[in-house]
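A.B. asks: based on what follows, work out the 3D shape:
(chains A and B)
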Number of protein chains: 2
Amino acid sequence: MKLTTLPNGTPDGRLHIVSRDHRRCQPARSVTTLQAALEDWDALEPLLSAEYEAVNAGAGEPFDPAGTLAPLPRAWQWLDGSAFKSHGRLMQKVFKLPPVDTGGRPLMYQGVSDRFYGPADDIRLPSEEDGIDFEGEFGIITDAVPMGASAADARTHIKLLVQINDWSLRKVAPIEMKTGFGWIQAKPASSMAPVAVTPDELGRYWRDARADLTLDVHWNGDRFGAANGYAMGVGFDELVAHAAYSRDLVAGTVVGSGTVSNENFREVGSSCIAERRGIETIDLGEPKTGFMRFGDRVRMESRHPDGTPLFGAIDQKVVRA
Amino acid sequence: MKLTTLPNGTPDGRLHIVSRDHRRCQPARSVTTLQAALEDWDALEPLLSAEYEAVNAGAGEPFDPAGTLAPLPRAWQWLDGSAFKSHGRLMQKVFKLPPVDTGGRPLMYQGVSDRFYGPADDIRLPSEEDGIDFEGEFGIITDAVPMGASAADARTHIKLLVQINDWSLRKVAPIEMKTGFGWIQAKPASSMAPVAVTPDELGRYWRDARADLTLDVHWNGDRFGAANGYAMGVGFDELVAHAAYSRDLVAGTVVGSGTVSNENFREVGSSCIAERRGIETIDLGEPKTGFMRFGDRVRMESRHPDGTPLFGAIDQKVVRA
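C.D. replies: As a prediction, this is how the structure comes out:
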């Protein structure tokens, strides 16, 4: 099943069902918002699935992915992991950081969740001097997860997959990291691709609670990266269980993978500028690639290996706030 | 003006107006939830003020502070500062941490906001081994704050003051701090005292965007601390401006002071167990006070210096999840 949210003048927008080929969509009949759907998912999912089959059979109107909001335009909770070890190891090497003993815990921060930018929204940021960077990620959305859920329990609560751009200000990030308190200024609101999909849409490419998909990233029209999402050191199930250790997770909790990164980053490229700069620092002694400038665009899309669209594309521009 | 939220079977509850003496309350007529009030504060504040005068004149029903939800039972954003320098310096000394260069930025983390416990709710936590601790704090709630707001601008967006218990798991916290990503497991949902008040209710005790009030903390009936809220190194205005650097703050953003702490902590006591343990470590070579056990209670209340109630009391018990 594929879901999107179209603007209707309210903060949560209007939930729509999208056809598998992204050509058609129609308003969901069973429920009006994705948040409401997630709060009663088990009851609503069969009804929405039936609506999905109708859209696949030709019901609805033409779908314009660039005209959507984020599928979940605001969430009660956004928790972003950093699950790709090749990214972590590279950053550690570049910044000569000591190894961090997390006691086996995955890395995760709590981010601003009251707004997820839509896929074509301009991104307003205060200064080019802050080191504006994108981070291409996969993410999942849960229904309600009780405190103490195991990874196996957690997996049953993963209802949707999304594709995310986690905007980052790289000059601010290390200052905030040193405090141990995590990021506030360095992590502005994130963006979502237009369509959220149920895991079954990935077929065998949803495995071990990971998205075995390539994330194509283009910066100002140039290919920047095409890393695969399967290389997570822990799956989304373990990320969800980690988050639920001492809190109930509210329905509509969004959990991110962290920037998609592969061991062979020299071949496949990267999903954020910081990683490319890290590679340059190791290979050339210093970073050669600058961060984003106002007016720059980034495009991110991940399709099913058979070519079928899944999330649609994030394609957006950074502008001065 | 004083506002509370009573349970009505919905997550946001029903906004009520509370009399100055906390003896009476009645449902707000102009708006049904505090979140909705904050989204249209400038238009609604005069109407709510008129209702407040009616309750002060005798309208409404008897008010039971122990039967409320948090005034804002869930928020789109919860950002907690750590603004009391005596607390930070003590912790640094105890844990032999190097001084942190924050580039002049205040300390702040983003916490779980989809639930604030009511003042008498039991607090479910997974294990006594995690070092269960309370943190008595003051907090503020804003209406919408545009990105880039100055501290002076930010001050005009501080609409309400609240009293908060920021639950903390002390054995987990340093592990998560070392990652630089901030806290997930170490910071479960927080609690709020029953009543939110407009700054004018503090009279001259709201100054420099700080609450010049004593926060009385009792643990299992024994006085634990009575520190004053004025000693913040930065005011709430600066905390709000810090948060708004690279994001618009959604109406209903809650910003905390961090655990209330004074230089003369040996006389006035502390607002969290970690601080008392820190003092013991310095004075006696090791901490003598244990953390909370299941069944323990903590009570926190801050009144106007003339004895008038302000926020009402948090009085709650920790229980095994």
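A.B. asks: going forward, measure contacts and count neighbours with C-alpha atoms only.
C.D. replies: Will do.
A.B. asks: residue B:32 versus the closest residue to residue A:81 other than its chain neighbours, what's the distance?
C.D. replies: Nearest residue to residue A:81 in three dimensions, chain neighbours excluded: residue A:108, at 4.1 Å (Cα to Cα, 6 or more residues apart in numbering or on different chains). In this view, residue A:108 and residue B:32 are 36 Å apart by Cα to Cα, to the nearest Å.
A.B. asks: more crowded one of these two?
C.D. replies: It is residue A:108, of residue A:108 and residue B:32, that has more neighbours when counted by other Cα atoms under 10 Å in any protein chain shown, with 27 against 16.
A.B. asks: which residues touch that one?
C.D. replies: Residue A:108 sits next to A:79, A:80, A:81, A:82, B:181, B:182, B:184 when contact means Cα atoms under 8 Å, 6 or more residues apart in numbering or on different chains.
A.B. asks: what about the fourth one, distance to chain B?
C.D. replies: Spelled out, it's residue A:82. Here residue A:82 is placed at a distance of 10 Å from chain B (Cα to the nearest Cα, to the nearest Å).
A.B. asks: mind listing residues that contact the helix or strand encompassing residue A:277?
C.D. replies: Element membership for residue A:277, per DSSP states H and E: helix A:273-284. Residues outside helix A:273-284 that contact it (Cα under 8 Å, 6+ apart): A:87, A:90-91, A:94, A:133-135, A:170, A:266, A:269-270, A:286-291.
A.B. asks: buried subset of those residues, written for ChimeraX?
C.D. replies: Buried residues within those, by 16 or more other Cα atoms under 10 Å in any protein chain shown, are selected in ChimeraX with:
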select /A:87,90,91,94,133,134,135,170,269,270,287,291
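A.B. asks: so which of the contacts of helix A:273-284 are in strands?
C.D. replies: Of the contacts of helix A:273-284, the ones assigned to strands by DSSP state E are residue A:133.
A.B. asks: residue ranges for the helices of the stretch 1-150 of chain A, please.
C.D. replies: A:34-39, A:41-56, A:85-94 (DSSP state H, counting those that start in this stretch).
A.B. asks: for the first one, packing partners?
C.D. replies: Using 3 or more Cα pairs under 8 Å, 6 or more residues apart in numbering or on different chains; DSSP states H and E as the contact test, no helix or strand touches helix A:34-39.
A.B. asks: looking at the helices of the stretch 1-150 of chain A, which is nearest to residue A:215?
C.D. replies: Using Cα to Cα as the measure, helix A:85-94 is the one of the helices of the stretch 1-150 of chain A that comes nearest residue A:215, at 15.0 Å.
A.B. asks: what's the angle between the closest one and helix A:273-284?
C.D. replies: With axes from the mean of the first three to the mean of the last three Cα atoms, to 10 degrees defining the directions, helix A:85-94 sits at 60 degrees from helix A:273-284.
A.B. asks: what mean pLDDT does helix A:85-94 have?
C.D. replies: For helix A:85-94, mean pLDDT is 88.
A.B. asks: near chain B at all, that helix?
C.D. replies: No. Judged by Cα under 8 Å from any Cα of the partner chain, helix A:85-94 makes no contact with chain B; its nearest approach is 11.1 Å.
A.B. asks: can I get that helix in PDB, CA atoms only?
C.D. replies: C-alpha atoms of helix A:85-94 as PDB (Å, rounded to 0.1, in the frame of the first residue of the first chain):
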ATOM      1  CA  LYS A  85      29.000   1.600  10.500                       C
ATOM      2  CA  SER A  86      31.000   2.600   7.500                       C
ATOM      3  CA  HIS A  87      29.800   6.200   8.100                       C
ATOM      4  CA  GLY A  88      30.600   6.100  11.800                       C
ATOM      5  CA  ARG A  89      34.000   4.600  11.300                       C
ATOM      6  CA  LEU A  90      34.900   7.100   8.600                       C
ATOM      7  CA  MET A  91      33.800  10.100  10.700                       C
ATOM      8  CA  GLN A  92      35.800   8.700  13.600                       C
ATOM      9  CA  LYS A  93      38.900   8.400  11.500                       C
ATOM     10  CA  VAL A  94      38.600  11.800  10.000                       C
END
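A.B. asks: give me the contact list for it.
C.D. replies: A:82, A:98-99, A:231-233, A:259-263, A:275, A:278-279, A:281-282.
A.B. asks: any of those buried? List them.
C.D. replies: A:82, A:231, A:232, A:259, A:260, A:261, A:262, A:275, A:278, A:279, A:281.
A.B. asks: as JSON lines, those with pLDDT would be great.
C.D. replies: Compiled in JSON lines, these are given as follows (pLDDT from 0 to 100):
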{"residue": "A:82", "pLDDT": "96"}
{"residue": "A:231", "pLDDT": "97"}
{"residue": "A:232", "pLDDT": "98"}
{"residue": "A:259", "pLDDT": "98"}
{"residue": "A:260", "pLDDT": "98"}
{"residue": "A:261", "pLDDT": "97"}
{"residue": "A:262", "pLDDT": "97"}
{"residue": "A:275", "pLDDT": "96"}
{"residue": "A:278", "pLDDT": "95"}
{"residue": "A:279", "pLDDT": "95"}
{"residue": "A:281", "pLDDT": "95"}
